[in-house]
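Novice: I'll drop the sequence and a predicted model, then ask my questions.
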Amino acid sequence: MGSAAPVTPVIEARDLTKVYDGAGAETHALRGVSLAIAPGEFTAIMGPSGSGKSTLMHILGCLDIPTTGTYALAGQDVSALDDYELAEVRRTTVGFVFQAFNLLPRSTVLRNVLMPMLYTRVARDERDERAAAALRAVGLEEKLWTHRSNELSGGQMQRVAIARSLVNDPSLVLADEPTGNLDTATGDSVMELFGSLNAEGRTIVLITHEPDIAARTHRIVRLQDGFIVEDAAIADAHVRQYGAGAIPVADDALHPAAAPDGDV
Amino acid sequence: MRFADLISETLYSLTANKVRSGLTVLGIVVGIASVIAMVAIGQGSQASIEQSIQAAGSNLLTVSPSAGGMSGPGARASGASVESLTREDAEALAGLSLIAGIAPAAQGQGQLVAPETNANAQFIGVTPAYAEVSGLTLTSGAFISERDDAANAQVVVLGATLAADLFGEDTDPVGARIRSGNMLLTVVGVLEEKGVSGFTSVDSAALIPLSTCQRYVTGSEYLSAITLTVSDEEQMDAAETSVEGLLLERHGIADADYADFSIMNMSDLMETVSTVTGTFTTLLAGIAGISLLVGGIGIMNMMLTTVTERTREIGLRKAIGADSSAISAQFLAESITLTLIGGALGILAGWGIGALAANLLGATAIITLDSVLLAVGVCAFIGIVFGYYPARRAAALSPIEALRYQ
Ligand SMILES: Nc1ncnc2c1ncn2[C@@H]1O[C@H](COP(=O)(O)OP(=O)(O)O)[C@@H](O)[C@H]1O
Ligand SMILES: [Mg+2]
């Protein structure tokens, strides 16, 4: 390990580009994005609609692959993984929360939360325990657990979705506009939930439009037209808990060349 | 994915989407049941027709007098009986090696006068061999004996219906006397009911000794038919040829085209009937094939209309860590389960409908393994291909593409 990098970044992306070839016209959704995020960070990605936020998030969550560029997740280069290896990364390392919740509507809450563990080797008893723990952690009353997920309110659904993202104990939680479909009060409580998850040491990256929401994180990355135009720590970040002497995040993250090469 | 999880996930998914599962199963049931029922009815009626011919005896040859060629010596207006066969012919045929039994018979109409009622009946003059050759059994009394025949005895064996008509259902008429013309017949036996098999129904006939019949009823030495049983069913054609040869020789006819008799071969008849009923079965199978096609399209439709919804589900499952093989396994398991349930219900329904319909037609439904395999095979193929193939394709998409699928 180089002395410049005492901690392996959870996310280390370099020169990511993504080109969608739609009907006739190509869309350059990302035009060279580099980003490093250390363990325990709580980051908001902001930017106007169409700026490439979701595209970036999907690549970070291994739901999609970049057109060019490299991406290391928790020290593992995932740019070259095949379908099966990517599935394993999604299963073990990332928890993804969607704006549209994406629950199975006709399945119960519990079933939805148990689902990610179907694809693991976790024993049955332990699954039930983990699902219950996750549902308690997101503050969903036990009487709702056997309801079908389409019987819940938006806030409850998003809690279920967050619980689902947590059951496999991911080192990184990604959320694409998790409060976008929620009213302010519900959005606030969801943000509180993310805050406490972060306080427990989880690395969280979320996308938001709302400055209020972004203000509750510790770092804001701003995208525009497929470029990062700003990357700043929130000044009064006294609640930061991630390691003392962690890799510099605010300015240097704009210059990934400063990040350790030999670390991957 | 563990096997137990796969099963539980499959059952959960199918029960969580009852309408979708139900309609798919229905499509499979319709397709399978119609094929099985149709084929069962077809084969059932075919078998029952063949069986009734068999009951009449498929080793029978019947020689009847008939006009020969148009310019033949015995040519008469068609339909009129020809007098050509005699008892001596029958006795001569007995010498042929393939012939096991010989029943010469003469027929004539007559009025029967019983103590209570009268009836018009068909007299059949027979020898003792007639009972065995025609497969007759008695409910009471005895059949006509050699002695009766030798002595022109005035005895009669009544068919079941005729006995009931003359003496009532519950009376045993053995020993009773019946007058007919200048005969006074003593009833010596009653036949068991035979049903409508064969060509003449003995149920409404009065059987008397051949000699008596020739003397008192027909008044001639000629026969109306000679029925022969052939010892080996495989040799029907050979037997027919030898019978024809002997009779032609006896009647002094050189050219078979001018024969004054005709021979009907039961196994030939059976073949003809089989061909006809086989065509009928094929026709039903064709109709069934169309139902199968319709059922198949129904299954396909169900599977394909849910692809949008399911593609998103697949995207979601992949997003939370399922790999393509886990997705494929799940969808394959669902398709197989639906097909198995639909297949089982379809076989039961097809069997039920077939049995019911065959019953109405007076036959027994015959479920053949072929029809079951064909119907189940086609439905399983359609169900699995259209349930599994789109899923496999969706599983090959990236999770995001699948989630965005409209
Ligand atoms: N699957 C896709 N196919 C084609 N174009 C896409 C696709 N996804 C996103 N885009 C385009 O890429 C650009 C960035 O989209 P996105 O990452 O969703 O932006 P944001 O989330 O910031 O609104 C947009 O112009 C969008 O239309
Ligand atoms: Mg977006």
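Specialist: Received it, and whenever you're ready, just let me know what you need. This one's a predicted model, so the numbers in the text were calculated from it and none came from an experiment. Ligands and ions are numbered 1, 2, ... in the order given.
Novice: ok, residues contacting stretch B:377-394?
Specialist: Contact with stretch B:377-394 is made by B:24, B:28, B:31-32, B:292, B:295-296, B:299-300, B:303-304, B:307, B:310-311, B:314-315, B:324, B:327-328, B:330-332, B:334-336, B:338-339, B:342-343, B:346, B:402, B:405, as judged by CB atoms under 8 Å, 6 or more residues apart in numbering or on different chains. Quick note: C-beta positions are derived from backbone N, CA and C, even for glycine.
Novice: which parts of chain A sit against chain B?
Specialist: A:58, A:61, A:63-65, A:83-84, A:87-88, A:90-92, A:96, A:98, A:102, A:104, A:106-107, A:111, A:115-116, A:118-121, A:164-165, A:168 (CB under 8 Å from any CB of the partner chain).
Novice: Now restrict the residues you listed to buried residues only.
Specialist: A:58, A:61, A:63-65, A:87-88, A:90-92, A:96, A:98, A:102, A:104, A:106-107, A:111, A:115-116, A:118-120, A:164-165, A:168 (16 or more other CB atoms under 10 Å in any protein chain shown).
Novice: The residues of chain A next to chain B in strands, which ones?
Specialist: A:F96 (DSSP state E).
Novice: tell me the centre residue of chain A?
Specialist: By CA atoms, centre = their mean, chain A has its centre lying nearest to A:L174, at 1.1 Å.
Novice: Quick check: that one is in a strand.
Specialist: Yes - assigned with DSSP: H, G, I helix; E, B strand; the rest coil, A:L174 falls within a strand.
Novice: Name whatever forms a beta bridge with it.
Specialist: A:F96, A:V205 (DSSP bridges).
Novice: now the strands for the chain?
Specialist: In the absence of a named chain, this looks at chain A. Under DSSP E, chain A gives strands at A:11-21, A:26-37, A:42-46, A:68-73, A:76-77, A:94-97, A:172-176, A:203-207, A:219-224, A:227-233.
Novice: wrong chain, I was asking about chain B
Specialist: With DSSP E as the criterion, chain B has strands spanning B:60-65, B:99-113, B:118-126, B:138-141, B:155-158, B:177-180, B:183-191, B:205-209, B:225-230, B:261-265.
Novice: Which of those sits closest to ligand 1?
Specialist: Closest approach to ligand 1 among these (CB to the nearest ligand atom): strand B:261-265, 78.5 Å.
Novice: mind listing the helices for chain B?
Specialist: For chain B, applying DSSP state H gives helices covering B:3-16, B:18-57, B:87-93, B:129-133, B:146-150, B:160-167, B:210-212, B:236-250, B:266-305, B:307-319, B:324-360, B:369-396, B:399-404.
Novice: for the shortest one, packing partners?
Specialist: Spelled out, that is helix B:210-212. strand B:99-113, strand B:118-126, helix B:146-150 (3 or more CB pairs under 8 Å, 6 or more residues apart in numbering or on different chains; DSSP states H and E).
Novice: Pick the most deeply packed of those.
Specialist: For these, the largest average neighbour count (mean count of other CB atoms under 10 Å in any protein chain shown) is found in strand B:118-126, namely a mean of 21.
Novice: any residues touching that one, and which ones?
Specialist: Identification of contacts with strand B:118-126 by CB under 8 Å, 6+ apart yields B:103-112, B:130, B:144, B:162, B:165-166, B:180, B:200, B:202, B:204-214, B:217-218.
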